[in-house]
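Student: Could you work out the structure for the sequence below:
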Amino acid sequence: MAEQAPGPLLRVEGLSKRFGERTALHEVSFELGAGELVAVVGPNGAGKTTLLSILAGVQSADAGTVGGLAARGPREVGWAPQQAAVYARLTVRENLRLFARLERVGDPAAAVALMLEQTGLAPRAEDRVESLSGGNRQRVNVALGLLADPLVLALDEPTSALDPGQRARLWDFVRTLAARGKGVLFSTHHLGEVRRYASRAVVLADGEVLFDGPPAELLLLPEAQGAEDLEGAFLELLRARGHA
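Tutor: Sure, this is the predicted structure:
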């Protein structure tokens with residue numbers, strides 16, 4: 001495992017964002033440490049994608065601060081959106097080479113070779129993306145977010161279109177990233193993924209943080225007493241806080 005960095009990779013304090021009359025985020029605060037896999041969970045419209053995209057620098061917040069080691073450089077948070085931003089008619093290698101140049105990576109060829117190796121895509125390097133399975137397309141999407149070797153990777157519902165086998169293989173890869181010391185934030189609707197893979201869960205509803213802690217502690221909340229599993233605890237928390 002990579003040596004742990006001194007201090008959090010991300011320190012989010014009071015992050016807020018509005019779209020017209022709608023509040024997407026309201027004073028969201030949490031930290032992300034090296035080697036952590038943190039799930040951002042919530043119903044549709046909770047603010048998950050907005051939060052991740054702000055942390056990745058895709059859009060700006062109206063208020064609040066983002067600090068920590070990953071906030072020191074513009075490319076320290078890699079972004080893998082839910083819809084893969086790839087060119088279907090280009091090969092895997094051509095996509096990686098193009099985005100490495102767009103990211104102004106110092107040595108594009110070396111970065112592409114490293115990503116092909118780390119993601120297990122080397123055997124498919126000369127295949128057009130349009131010919132790949134959903135799981136391999138998502139690997140390409142994640143590889144694009146890693147080209148600049150960021151400290152943090154933000155994944156927006158990375159397994160939403162994958163079958164169980166593809167999901168398992170993707171999570172095996174993501175866990176190796178955390179084991180190397182990267183911080184990983186991912187949004188998901190799969191509570192089973194939260195239970196299996198997340199070291200912490202941040203529960204959002206209507207842009208507010210309802211819970212931040214190890215997933216197992218959701219079951220210990222007073223609002224979740226009697227819940228049989230993590231999904232039940234999540235639903236009971238939403239109901240008790242008026243978000244169901």
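Student: Can you give me the buried ones in the longest helix seen in the chain?
Tutor: If you go by DSSP state H, the chain has its longest helix at helix 164-179. Using 16 or more other C-beta atoms under 10 Å as the test for burial, helix 164-179 gives 166, 167, 169, 170, 171, 173, 174, 177, 178. Yep, even glycine has a C-beta here, placed from its N, CA and C like the rest.
Student: do stretch 222-242 as well
Tutor: 223, 224, 227, 230, 233, 234, 235, 236, 237, 238.
Student: wait, isn't the third one in contact with residue 236?
Tutor: Yes: the pair residue 227 and residue 236 qualifies as a contact (C-beta atoms under 8 Å) at a distance of 5.1 Å.
Student: related to what we said a few turns ago, could you export the buried residues of stretch 222-242 as CSV, including distance to residue 215?
Tutor: Listed next are those as CSV, based on distance: C-beta to C-beta, whole Å:
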residue, distance to residue 215
223, 15
224, 12
227, 12
230, 6
233, 9
234, 9
235, 14
236, 14
237, 12
238, 15
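Student: Which ones among the residues you listed map onto helices?
Tutor: Checking those against DSSP H, those in helices are 230, 233, 234, 235, 236, 237, 238.
Student: Dump those residues into CSV; add pLDDT and distance to residue 11 as well.
Tutor: Below are those laid out as CSV (pLDDT from 0 to 100; distance: C-beta to C-beta, whole Å):
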residue, pLDDT, distance to residue 11
230, 94, 27
233, 95, 27
234, 95, 25
235, 94, 30
236, 94, 30
237, 95, 25
238, 94, 27
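Student: between the residues you listed, which is closest to residue 154?
Tutor: Relative to residue 154, the closest of those is residue 234; by C-beta to C-beta it sits at 21.3 Å.
Student: Tell me who's in contact with the closest one.
Tutor: 41, 191, 203, 218 (C-beta atoms under 8 Å, 6 or more residues apart in numbering).
Student: Neighbour count, secondary structure and pLDDT added to the residues you listed, as JSON lines?
Tutor: Listed next are the contacts of residue 234 as JSON lines, based on neighbours: other C-beta atoms under 10 Å; DSSP: H, G, I helix; E, B strand; the rest coil; pLDDT from 0 to 100:
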{"residue": "41", "neighbour count": "27", "secondary structure": "strand", "pLDDT": "97"}
{"residue": "191", "neighbour count": "21", "secondary structure": "helix", "pLDDT": "93"}
{"residue": "203", "neighbour count": "25", "secondary structure": "strand", "pLDDT": "97"}
{"residue": "218", "neighbour count": "27", "secondary structure": "helix", "pLDDT": "94"}
